[in-house]
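J.: got a predicted model here, sequence first, then my questions.
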Amino acid sequence: MRIIALVCSFCGYASADMAGVTGQSYPASVVPVRMPCTGRLDVSHILSAFRNGADAVMVVGCLEGNCNYQYGNIEARKRVEQARGILAQLGIDGERVEMFNIASNQGWRFAEAVKEMEGRVLRLGPGPVRR
Amino acid sequence: MKAPSPTGPHSAIEPPKGIALFLCGCNGKIGGRISLDELKLDAMNDERVRSIDVMEDCCRDEELDRMRLSLMTGEVDRFVVAGCSYKTSFERFERLAIGSGIDPSLIEICNLNEQCACVHEGKEALEKARRMLAVSIQRSAMLQPVPRTKIEDVVRTMLVIGNGHSAAVASMGSFSLGHDVMLICPGGTFKDESHGEDVFTLEEEGFDRFRKDAGGRFTLIESSELKGLAGGPGRFKADIATPHGDIQTDAGCVIVAMDEEEAENPLQTRFGERCTDQHSLGSMLRSGKRPKGTVVMLAMDESGESAFDPMSTHEAVHNALYLKGSSPRSDVYIVTKEVFALGQCEFGYRRAQESGVKIVRTDRFPDLSKEGEMAVLDVHLGETLLLRYDLLVVDNVRKVPDMKGITSVIGLPLDRSGRLRRPNAKLKPSSSLREGVYLCGTATERNLGIGPTLEAKAAVARASASLHGELFAEGDKAEVWQEKCSACLTCVRTCPYGAPSIEEEGRASIDVDLCQGCGVCVGICPSKAIQMCSFRDDQIQAQIRAALGGGGR
Ligand code: SF4
Ligand code: SF4
């Protein structure tokens, strides 16, 4: 299984660190790719992940209202929605991409989020390229 | 369409000279769980990687020396460290890079500790580590130097904007750290209202002494207003409108230290004669007078909510202690919903109880319909107490000053109550949205709970540290490729910092002093005309491909 986590450099990255420090376990199928802020997200990043064999994409930013850059994470949520629209036209289930807002000290929520995405892939089957 | 500009985020990516890879065992934390030799074998097949060192523990000085040797061979121009979180290790490797003649923007850190070895085991851990390392090597290979210019003649003057205690503390603190200080006070004269703080500080007369000591190195301009603020840390240019005309001044950092202003407590007018507020009681006590009879302090507002701000409980505790101390037989009550005891006030609170100040906890506003009498429900006893008082002392109420002018000039947001918003109370408590501008004072959202004095000192410490040593205008900023821009204004509308604007030629351009490098505009520009050096679309996509096992290239 292949899950891409597009994490922001603040809470997204730090919550993954915290998950490690506090010994949470979560599926090893996820590989993080760091961005300055989830606001940097471009719909094309999500699409190219699927084109290259991802089963799911998760975007992890700070809690709403606590974005290091004010509202980058809210912009990101909009773009995740946009990507879902395009995926739907391509016959790819929109549930394969999700926006998560996690605080830097909520390691357990990062672990939960990865498990959630893995659960979805198990339910929906492998991603579009690997089917 | 012209070819990409030769430098900056839109230029063609030059292939790297060579990558040095350091695989850190993190003292067994990584090495004990993931086979670094396997990772080394993978990397040896990548012709971009010129040297590979497997280390015990990169944190040790002798290991840093070893890394320096590998970096100074002339074969590499960048490096990847596979070790712990970049949050903890970046600064160390930044120093290493600078000391080894490597551009610090060409460092990549692959977090195999917290994000891999800590959570996964066995084959799974190795497989994930391989993919993470592939992402990092790919990223490293595509990094471009981020433009970085040294600021000559760094200005170290602190510009403090404030109206009271916090501004005084910020000015004194800045001066004691060796900065010249200019304090501008919007709206009227400057008052140092240190009362309410004396529970744990003894700075009452400090300000006048400071003014004498500082002499010409401290300038106070009253009734003035900030009209413009250009530039960045170490080279701000502030336009100030003063009663004697407009002036322009240079500043290294700006500290916004606005305090709430005094206002009338509506309760006081209701109870008239027998009622006073904590400040007036405080000055009465200091002047040697004592109130007669029983004193009841009501530390809540009319809706039964506890003190208007934590500082009022300080004042209540402090005044009660003072009263008890000078006339031990007097009866003193504090009626409150909860006691906020910050810092040494905790100590004062305990002493107050020991010396016989009675603290009544209640959950609602007491019945005060009879003059000289208060019927209050004590939640601990579960009974209504009847307190006869000779003097009722209420909190001092404060109101948020109007800061719209200052904030729109600097580019800071206000919250709904008109207070300055803190962008990130947890990670960067004294910072504001604008680089080089620091916040303190009670007119700031979500007080840090350490009291205004310490908050002001914290802001000064951060501001002063940021001006220490050499200063660079750096950081990954967004840049518009103007040939592609269709002047749609999307970036202008979306940027949280107001950095993009449309130039005379009808193309967008981004003010590097204002841009914080969040990338929001990069992702949203419909013409794909904006990029950042280290987070270009092609870089991110190549990393995603590498993560999925495909070749990045
Ligand atoms: S969003 Fe892009 S196209 Fe629109 S004005 Fe800004 S740079 Fe130009
Ligand atoms: S990167 Fe962020 S701060 Fe810079 S111009 Fe774009 S939106 Fe504004």
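T.: Yep, that arrived. Ligands and ions are numbered 1, 2, ... in the order given.
J.: secondary structure element holding B:Ile544?
T.: When elements are assigned from DSSP states H and E, B:Ile544 belongs to helix B:537-547.
J.: only the buried residues of that helix, if you could.
T.: B:Asp537, B:Gln539, B:Ile540, B:Gln541, B:Ala542, B:Gln543, B:Ile544, B:Arg545, B:Ala546, B:Ala547 (16 or more other CB atoms under 10 Å in any protein chain shown). Glycine gets a C-beta too; all of them are placed from N, C-alpha and C.
J.: contacts only, for the third one.
T.: This points to B:Ile540. The contact partners of B:Ile540, by CB atoms under 8 Å, 6 or more residues apart in numbering or on different chains, come to A:Val33, A:Met35, A:Arg40, A:Asp42, A:His45.
J.: just the element for the spatially most central residue of chain A, please.
T.: With distances taken as CA atoms, centre = their mean, the residue of chain A nearest its centroid is A:Met58 (1.3 Å). Using DSSP H and E, A:Met58 sits within strand A:56-61.
J.: what does B:Met297 give?
T.: strand B:295-299.
J.: what of B:Gly348?
T.: helix B:345-354.
J.: immediately after that helix, which helix or strand?
T.: strand B:358-361.
J.: contacts only, for the closest residue to A:Val30 other than its chain neighbours.
T.: Excluding its sequence neighbours, the residue lying closest to A:Val30 (CB to CB, 6 or more residues apart in numbering or on different chains) is A:Ile3, at 4.3 Å. Shown in contact with A:Ile3 (CB under 8 Å, 6+ apart): A:27, A:29-31, A:54-58, A:114, A:117-118, A:121.
J.: surely B:Gly187 touches B:Pro401?
T.: Yes - using CB atoms under 8 Å, B:Gly187 is in contact with B:Pro401, at 6.8 Å.
J.: quick one: which of the two has more around it?
T.: Per other CB atoms under 10 Å in any protein chain shown, whichever of B:Gly187 and B:Pro401 has more neighbours is B:Pro401, with 20 against 14.
J.: now do the SS call for the more buried one.
T.: What DSSP: H, G, I helix; E, B strand; the rest coil gives for B:Pro401 is coil.
J.: tell me who's in contact with the residue nearest to it when sequence neighbours are not counted.
T.: Of all residues not flanking B:Pro401 in the chain, B:Glu261 sits nearest, at 5.2 Å (CB to CB, 6+ apart). The contact partners of B:Glu261, by CB under 8 Å, 6+ apart, come to B:Asn163, B:Gly164, B:Arg398, B:Lys399, B:Val400, B:Pro401.
J.: same thing but at 10 Å, please
T.: B:163-164, B:187-188, B:191, B:193, B:397-402, B:442-443 (CB atoms under 10 Å, 6 or more residues apart in numbering or on different chains).
J.: what residues does chain A put near ligand 2?
T.: Neighbours of ligand 2 within chain A, by CB under 6 Å from any ligand atom: none found.
J.: which residue packs closest to residue 37, ignoring adjacent ones?
T.: I'll assume chain A. In space, A:Cys37 is closest to A:Gly72, 3.8 Å off (CB to CB, 6+ apart).
J.: try chain B instead
T.: That would be B:Val54: by CB to CB, 6+ apart, it lies 7.3 Å from B:Asp37.
J.: I'd guess that neighbour is in a helix, am I close?
T.: No - assessed with three-state DSSP, B:Val54 is strand; it does not lie in a helix.
J.: who does it bridge with?
T.: On the basis of DSSP bridges, B:Val54 is bridged to B:Leu23.
J.: these two touch, right, it and B:Phe22?
T.: Yes - contact criterion CB atoms under 10 Å: B:Val54 and B:Phe22 qualify, at 8.2 Å.
J.: okay, these two: which has more neighbours?
T.: Neighbours were counted for B:Val54 and for B:Phe22 using other CB under 10 Å; B:Phe22 has more, 24 against 15.
J.: and residue 35, how many residues sit next to it?
T.: Since you didn't name a chain, this refers to chain A. A:Met35 - counted by other CB under 10 Å - has 30 other residues nearby.
J.: wait, chain B was what I had in mind.
T.: Using other CB under 10 Å, B:Ser35 has 12 neighbouring residues.
J.: how about it, nearest residue that isn't a chain neighbour?
T.: Closest residue in space to B:Ser35, ignoring its immediate chain neighbours: B:Leu126 at 6.1 Å, by CB to CB, 6+ apart.
J.: just B:Asn27 next, same as before
T.: For B:Asn27, the spatially nearest residue (CB to CB, 6+ apart) is B:Asp57, at 4.4 Å.
J.: would you say the one you found is within a strand?
T.: No - membership of B:Asp57 in a strand is not supported by three-state DSSP, which gives coil.
J.: dump the residue contacts of it.
T.: B:Cys24, B:Gly25, B:Cys26, B:Asn27, B:Gly28, B:Lys29, B:Ile30, B:Gly31, B:Glu63, B:Gly83.
J.: number of nearby residues for the residue nearest to A:Cys37?
T.: Neighbour tally, A:Gly72, other CB under 10 Å: 27.
J.: pretty sure it contacts A:Cys11?
T.: No - using CB under 10 Å as the test, A:Gly72 is too far from A:Cys11 to be in contact (11.2 Å).
J.: about what we covered before: and the contacts of B:Ile540 near chain B, which?
T.: Restricting those to those near chain B by CB under 10 Å from any CB of the partner chain leaves A:Val33, A:Met35, A:Arg40, A:Asp42, A:His45.
J.: just the pLDDT for residue 4.
T.: Picked chain A for this. What the model reports as pLDDT for A:Ile4 is 97.
J.: try again with chain B
T.: Taking B:Pro4 on its own, its pLDDT is 50.
J.: with A:Val31 instead?
T.: Confidence score, pLDDT, at A:Val31: 96.
J.: walk me through the domains of chain B.
T.: Listed domain ranges for chain B are B:17-142, B:158-260+B:400-466, B:263-398, B:474-553 (source: automatic domain parsing).
J.: how about a markdown table for the ones you listed, with distance to A:Gly91 added?
T.: Formatted as a markdown table, these follow (distance: least, CB to CB, whole Å):
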| stretch | distance to A:Gly91 |
| --- | --- |
| domain B:17-142 | 27 |
| domain B:158-260+B:400-466 | 41 |
| domain B:263-398 | 56 |
| domain B:474-553 | 20 |
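J.: and the residue in chain A positioned nearest to ligand 2, how far from B:Ser486?
T.: Nearest residue of chain A to ligand 2: A:Tyr69, at 6.4 Å (CB to the nearest ligand atom). Relative to B:Ser486, A:Tyr69 is positioned 24 Å away (CB to CB, to the nearest Å).
J.: point out where the chain drops to low pLDDT.
T.: With no chain named, the answer covers chain A. For chain A, no stretch has pLDDT under 70.
J.: should've been chain B
T.: Looking at chain B by pLDDT under 70, you get B:1-7, B:191-205, B:306-312, B:342-343, B:424-427, B:446-449, B:474, B:551-553.
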